[in-house]
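Novice: Below: sequence and its predicted model.
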Amino acid sequence: MWQEEGFAGFMRGNGINCLRIAPYSAVQFTTYEMCKAWLHDDATGEIDVVRKLTAGAVAGIASVVSTYPLDLVRSRISIASANMYNEAKSEAISATSSAPPKVSQEVLRSQIAARQKAVPGIWQMTTKVYCEEGGIRGLYRGCVPTSVGVAPYVALNFYFYEAARKRISRDGEPSSLMKLACGALAGSISQTLTYPLDVLRRRMQVAGMKDSQEKLGYKDRNAINAIQNIVRAEGVTGLYRGLLPNLLKVAPSIGTSFLTYEAVKGFLEVHLDDRHLASAKDETSKAH
């Protein structure tokens with residue numbers, strides 16, 4: 001990829017990912033904390049495992065529903081870019097079959113640059129899906145199986161992170177590196193346990209594309225049919241295809257996410273405590 005597309009190839013599609021992840025994470029963490037506050041035991045102030053997992057599941061569903069159109073559009077743009085790359089590579093190979101490797105690389109880069117302009121942007125792809133696939137319903141295609149997959153993933157994520165953090169906190173406040181490691185571990189375990197549902201999510205998101213049937217061979221009628229087709233074509237291992245590279249992305253991503261969340265949460269708690277203290281001092285001075 002570096003030879004054929006350079007640094008831009010690694011960053012392709014990152015704009016819409018950043019646009020999606022900010023509200024996604026905000027909704028997820030906020031909903032989780034709110035659900036924990038509602039579900040905790042009033043007598044002890046504690047929250048049991050079942051309620052904690054429930055809070056995580058609700059947070060996962062809320063974050064998916066609130067940002068799903070962006071997730072679907074991101075997947076569609078990725079597929080369109082992949083198809084563009086394959087077509088550009090085929091043309092470059094045909095045009096430079098007897099040329100030196102360096103010339104072939106230059107031709108491929110020029111082909112990619114020319115075809116990249118034809119790949120729809122965020123707004124264009126959103127409009128395309130909305131107009132061609134049934135409006136809002138098209139933008140939420142696959143939302144239910146995605147929510148079913150994300151709910152246990154997020155629930156396990158929070159559970160394993162808090163369990164690991166509680167264990168290392170026995171000797172005092174853990175370092176940032178330890179918090180990062182806890183998040184990476186939690187994300188890796190959760191992703192491994194729920195990965196088949198993530199494969200199903202991606203499959204359902206591209207099911208409405210014409211290219212998904214013509215070029216990818218997808219003919220899934222629903223989520224159950226998609227699972228049957230995957231297992232029939234690739235066996236059970238097909239449900240775990242791409243797990244390793246996904247873990248290489250998820251581990252640092254989730255670790256950084258939890259570390260950032262704790263840092264922001266700690267900053268806000270200190271800031272709010274200072275404001276409450278200042279307010280209390282003002283009221284005391286006025287009383288005197």
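Specialist: Sure, I can see it.

Novice: Now residue 162. Nearest residue, chain neighbours left out?
Specialist: residue 52 (7.3 Å; C-beta to C-beta, 6 or more residues apart in numbering). Just so you know, the C-beta spots here come from the backbone N, C-alpha and C atoms, and that holds for glycine as well.

Novice: typo on my end, it should be residue 168
Specialist: Leaving aside its sequence neighbours, residue 168 sits nearest to residue 174 (C-beta to C-beta, 6+ apart; 4.8 Å).

Novice: Next one: the one you found from residue 262, what distance?
Specialist: Look at residue 174 and residue 262: by C-beta to C-beta, to the nearest Å, they are 10 Å apart.

Novice: Point out where the stretch 151-288 of the chain drops to low pLDDT.
Specialist: For the stretch 151-288 of the chain, the stretches flagged by pLDDT under 70 are 205-221, 270-288.

Novice: Any buried residues in stretch 251-262, and which?
Specialist: 251, 254, 255, 257, 258, 259, 261, 262 (16 or more other C-beta atoms under 10 Å).

Novice: again with stretch 161-172
Specialist: 161, 162, 164, 165.

Novice: ok, which stretches of the chain are helices?
Specialist: Taking DSSP state H, the helices of the chain run over residues 2-5, 7-11, 14-39, 49-95, 101-116, 122-132, 136-139, 143-168, 176-205, 210-214, 223-234, 243-287.

Novice: Where does pLDDT dip in the stretch 1-150 of the chain?
Specialist: Scanning the stretch 1-150 of the chain with the threshold set as pLDDT under 70 gives 1-13, 82-118.

Novice: which of the buried residues of stretch 161-172 sit farthest apart?
Specialist: The distance between the two most remote of the buried residues of stretch 161-172 (C-beta to C-beta) is 7.4 Å, for 162 and 164.
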